Structure formats: C-alpha cells, structure tokens
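In: Give me a model of this one.
(one chain, ligands or ions: 1)
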Amino acid sequence: MTHTNTMNGENLKTAVVVATFNDFITSRLLSGARSTLFKYGVKEENVTVVEVPGAFEIPLAAKTLAETGEYDSVITLGCVIRGSTTHYDYVCSEAAKGISHAGLSTGVPVIFGVITTETLEQAVDRAGGKVGNKGSEAAVAAIEMAHTIKRIR
Ligand SMILES: O=c1[nH]c(NC[C@H](O)[C@H](O)[C@H](O)CO)c([N+](=O)[O-])c(=O)[nH]1
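Out: Numbering: from 1, shown residues only. All right, here's what the predicted structure looks like:
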C-alpha cells in the first residue's frame with residue numbers, strides 16, 4: 001500500500017483526549033494534532049476532542065472512547081514535567097501503561113502523545129518548538145495506524 005493511501009484521512013473518525021494540566025503546552029499539542037489531521041483530509045466534524053484534568057485521567061477517557069466503536073483511532077495528548085515530587089514518575093508510568101492498555105484491550109489504535117520532560121523548556125521544544133510538535137506526530141501515527149489495523153484485521 002502506498003504511503004499516500006495510508007495517509008488518507010478522508011473517511012477516518014478520530015477522538016483526541018487532551019489533559020488540561022500544563023495547558024499552555026497541551027493546547028499547542030492539540031492545535032498541532034488538529035492541523036495535521038485536517039492536512040491529511042480528516043473532516044473537522046470527524047474529530048472529537050475530550051478534555052481531562054491531567055495525564056493520569058487520560059487512559060479512562062481513551063478507553064471509554066475506544067469502546068464506543070465510533071473511532072478509527074484515539075489520540076492522547078498531555079504534558080508531564082518533572083517537579084520536586086515523585087508524583088512525576090507515578091503520573092508518567094500510569095499514563096503510559098493505561099494508554100497502552102486502552103489500545104490493546106479494545107483493538108482500537110490509541111496513540112501516545114504525552115510529553116514527559118525534565119524541564120519546561122524541553123516541553124516547549126516538543127510542542128511546536130525546535131524539536132517539532134508531538135501532537136502533530138501523534139496525528140500522523142493515528143492516521144497510519146487506523147489504516148494499518150483496517151488492513152490487517
Ligand atoms: O498531566 C499532568 N498531570 C500532573 N498531575 C496531575 C495528575 O495527572 C492527576 O490529574 C491528578 O493526580 C488527579 O488525579 C502533573 N504533575 O503532577 O506534575 C503533570 O506534570 N502533568
């Protein structure tokens with residue numbers, strides 16, 4: 001299958017779960033994801049955005065959306081910046097495990113678009129800065145995986 005076909009978003013429906021914690025970063029991830037989805041032909045009415053308080057809550061929303069059977073993929077967006085507590089480690093690991101489980105337990109591609117960084121600067125760099133936009137990358141993965149799963153199922 002050519003790359004063009006796997007990157008055709010015209011008939012895809014996607015949900016985006018975005019954490020509002022660190023929303024000065026996650027809002028940039030969301031706009032990167034949305035603009036990339038539209039760039040590849042996903043229709044605006046086929047993109048559903050759901051907000052959650054923090055990265056820890058992303059898995060439940062992602063799994064719930066995937067279980068509806070309405071979406072070809074679910075994109076998750078968040079930003080966890082290491083603070084002075086070990087909260088960072090728990091939030092990161094639980095978010096990653098939960099997001100992975102949401103995909104594996106439902107068979108719907110659930111894409112990991114959660115930035116986990118040591119510093120705010122690193123997060124800015126990954127949310128449309130010099131390293132790129134993780135939200136945009138997650139949108140590309142969401143389109144590719146939606147086609148891949150349809151093809152191999
Ligand atoms: O999304 C985040 N949630 C964070 N914590 C909140 C967590 O995700 C839950 O929303 C909270 O524990 C309530 O369940 C963060 N920190 O604690 O630093 C963080 O950096 N990013």
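In: can you pull the contacts of residue 33?
Out: Contacts for residue 33 (C-beta atoms under 8 Å, 6 or more residues apart in numbering) come out as 16, 75, 77, 113, 135, 136, 138, 139. C-beta here means a position set from N, CA and C on the backbone, and glycine is covered the same way.
In: hmm, try it at 6 Å
Out: Neighbour list for residue 33: 16, 75, 135, 138, 139 [criterion: C-beta atoms under 6 Å, 6 or more residues apart in numbering].
In: Output those as JSON lines; include the columns pLDDT and distance to the ligand.
Out: Below are the contacts of residue 33 laid out as JSON lines (pLDDT from 0 to 100; distance: C-beta to the nearest ligand atom, whole Å):
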{"residue": "16", "pLDDT": "98", "distance to the ligand": "15"}
{"residue": "75", "pLDDT": "99", "distance to the ligand": "15"}
{"residue": "135", "pLDDT": "98", "distance to the ligand": "14"}
{"residue": "138", "pLDDT": "98", "distance to the ligand": "15"}
{"residue": "139", "pLDDT": "98", "distance to the ligand": "19"}
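In: which bits of this structure sit near the ligand?
Out: Contact residues, the chain versus the ligand (C-beta under 6 Å from any ligand atom): 19, 21-22, 53-57, 78-81, 83, 87-88, 91.
In: give me that answer again for 8 Å
Out: Contact residues, the chain versus the ligand (C-beta under 8 Å from any ligand atom): 19, 21-22, 26, 52-58, 78-83, 85, 87-88, 91, 95, 114.
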